[in-house]
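1. Generate a structure from the sequence data that follows.
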Amino acid sequence: MEQNITNLQFALDTFYFLVCGALVMWMAAGFAMLEAGLVRAKNTAEILTKNVALFAISCTMFMVCGYHIMYGGNDFGFFLSNMGAAEDLSYAKPADFFFQVVFVATAMSIVSGAVAERMKLWAFLAFTVVMTGFIYPMEGSWTWGGQSVFGLFQIKGIEGAGENGIFDFQDFAGSGIVHMAGAAAALAGVLLLGARKGKYTADGKVNAIPGANLPLATLGTFILWMGWFGFNGGSQLIVSTSDDASAVAMIFLNTNAAAAGGAIGALLLAKILFKKADLTMALNGALAGLVAITAEPSTPTALQATIFGAIGGVIVVFSIVGLDKLKIDDPVGAISVHGVVGLFGLLIVPLTNDAASFGMQLLGALTIFVWVFVTSLIVWAILKAVIGIRVSEEEEYEGVDKSDCGLEAYPEFTRS
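-> Residues are numbered from 1 along each chain as shown. Predicted structure coming up:
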């Protein structure tokens, strides 16, 4: 009887893990639709190609070496082994791989939108290989993988405070490990890439470049909102005990509450600042709320989660406006949503989780950002020197759909 119960728990936890992984995989569709809606029509096919290709490359590179680097130590071994049941968990190891690989793709999807409309497709895909096969797995090994940072110190997260009251880095589902990491890589690329032509004038004026399909962007946001239940809920890892099932329910509740709070906060601030109900700010506000709660969705109350999300929504509006003043061109607001609010999400964890400390959260965030930003900057710089990362002015004017893909997403429409 006891063995039957154990087998049932194993089956339930594995199935739950796989379903949550499928929900996170569905976020790839959300990113694709969001980005396709927020870029101009002449760049739609290329942004969709990037999203399909980056997901495929992420899955392959994480299988070839990324998973081993992240969870098998920093010895750069290749290919998976021992794909039976996980040694210290109650689900099958292939389920763990599947759940982790869709997180890698999520981090890379963040980069895609920030460099949209002016980056060469093949330069982006070359960076994807390095990001998903090495840069992300390395910082993941220092956090979720439990390895030391080049043998110097550890920032791994555990349940509860460590010995002698020493706190550990806490990032439940990846506000920093996934989202801020993706934003750091995107920022490095954007700084070397430069702004789109016509975005900023010599006298400092910011010209809005509206997206071609806001219904598509809205659909993408709702897909991401839905997928986030798997992103956060699956990070509980198991669901077969009463305590874990209750925790999963609370995670779902707080994830939804934070998204709602973020949308409301951003919409209200947009009305105050711009005198209009800006849809794009509301969409990014909802995503900001989701990013903010991702670092710790299990310990806040629903009201606290709503407030955290609302603050995230307010922050993202100010951040998008601020980056424009600095002439950092991010067509979809990815750096603000995932980077700035990702940091905010890490820093508010100690407010509801006694196992976290502000100092350790800051150290973890700094380690992740510095590693990803510096290594990404080096890779982008090499690509810029070797093959170039920016399309020509003519290609940018005509749209990268034609130059990179040889087709248009909306061929029956003509542009004047």
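2. going forward, measure contacts and count neighbours with C-alpha atoms only.
-> OK.
3. And the strands in this structure?
-> Counting by DSSP state E, the chain has no strands to list.
4. ok, now which ones touch the residue most central in space within it?
-> Centrality entry for the chain: nearest residue to the mean C-alpha point is His179, 3.5 Å, by Cα atoms, centre = their mean. His179 sits next to 106-107, 110, 291, 338-339, 342 when contact means Cα atoms under 8 Å, 6 or more residues apart in numbering.
5. Can you list the low-confidence ranges for the stretch 51-200 of the chain?
-> Applying pLDDT under 70 to the stretch 51-200 of the chain picks out residues 73-91, 153, 156-167.
6. Count the residues that sit near Leu343.
-> Residues lying near Leu343 (other Cα atoms under 10 Å) number 23.
7. ok, now which ones touch it?
-> Leu343 is in contact with 175-176, 180, 365, counting by Cα under 8 Å, 6+ apart.
8. Out of the residues you listed, which is nearest to Trp144?
-> Of all the contacts of Leu343, Trp144 sits closest to Gly176, with 11.3 Å by Cα to Cα.
9. so that closest one touches Phe344, yeah?
-> No: using Cα atoms under 8 Å as the test, Gly176 is too far from Phe344 to be in contact (9.3 Å).
10. most surrounded residue in the contacts of Leu343?
-> Busiest of those [other Cα under 10 Å] is Gly176, holding 35 neighbours.
11. Could you find the closest non-adjacent residue to that one?
-> Gly342 (5.6 Å; Cα to Cα, 6 or more residues apart in numbering).
12. What is the burial count for the one you found?
-> Neighbours of Gly342 under the rule other Cα under 10 Å: 31.
13. who's in contact with it?
-> Applying Cα under 8 Å, 6+ apart, the residues near Gly342 are 175-176, 179-180, 291-292.
14. any chance of the residues you listed in TSV, with distance to Val370 too?
-> Output for the contacts of Gly342, formatted as TSV (distance: Cα to Cα, whole Å):
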residue	distance to Val370
Ser175	16
Gly176	12
His179	14
Met180	11
Val291	20
Ala292	20
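15. re the thing from before, roughly how far does the residue nearest to the centre of the chain sit from Ser109?
-> 10 Å (Cα to Cα, to the nearest Å).
16. cool, Thr306 as well?
-> Counting by Cα to Cα, the separation of Thr306 from Ser109 is 26 Å.
17. In terms of neighbours, single out the busier of the two.
-> Neighbours of Thr306 and Ser109, each counted by other Cα under 10 Å, are more numerous for Ser109; the result is 29 against 25.
18. close enough to count as contact, that one and Asn51?
-> Yes: using Cα under 8 Å, Ser109 is in contact with Asn51, at 6.6 Å.
19. can you give me the helices in the stretch 151-300 of the chain?
-> Ranges of helices in the stretch 151-300 of the chain, per DSSP state H, counting those that start in this stretch, are 181-193, 214-233, 242-274, 279-294.
20. and the second one, what does it pack onto?
-> Contacts of helix 214-233 with other secondary structure elements, assessed using 3 or more Cα pairs under 8 Å, 6 or more residues apart in numbering; DSSP states H and E, are made with helix 2-38, helix 242-274, helix 279-294.
21. try 10 Å
-> The contact analysis (3 or more Cα pairs under 10 Å, 6 or more residues apart in numbering; DSSP states H and E) places helix 214-233 against helix 2-38, helix 93-114, helix 242-274, helix 279-294.
22. roughly how far out does the last one sit from the chain middle?
-> I take that to be helix 279-294. Here helix 279-294 shows a centroid-to-chain-centroid distance of 12 Å under the convention Cα atoms, centre = their mean, to the nearest Å.
23. can you check the longest one too?
-> For helix 2-38, the gap between its own C-alpha mean and the chain's C-alpha mean amounts to 16 Å (Cα atoms, centre = their mean).
24. Kindly calculate the angle that it makes with helix 93-114.
-> Helix 2-38 and helix 93-114 meet at an angle of 10 degrees, taking axes from the mean of the first three to the mean of the last three Cα atoms, to 10 degrees as the criterion.
25. follow-up on the earlier one: just curious, which of the contacts of His179 is nearest to Trp142?
-> The shortest gap between Trp142 and any of the contacts of His179 belongs to Ala107, at 16.4 Å (Cα to Cα).
26. Please report how far the closest one lies from Ala334.
-> Ala107 is 11 Å from Ala334, by Cα to Cα.
27. what's the overlap in contacts for the two?
-> The contact sets of Ala107 and Ala334 overlap at 179-180, 182-183, 186 (Cα atoms under 10 Å, 6 or more residues apart in numbering).
28. Can you pick out the most distant pair from the residues you listed?
-> Farthest-apart pair in those is His179 and Ala186; separation 10.6 Å (Cα to Cα).
29. anything in contact with each of the two?
-> Contact criterion Cα under 10 Å, 6+ apart; residues shared by His179 and Ala186: 107-111, 334-335, 339.
30. Show me what counts as buried in stretch 224-243.
-> 224-240 (16 or more other Cα atoms under 10 Å).
31. Then stretch 176-189?
-> Buried residues in stretch 176-189, counting neighbours by 16+ other Cα under 10 Å, are found at 176-189.
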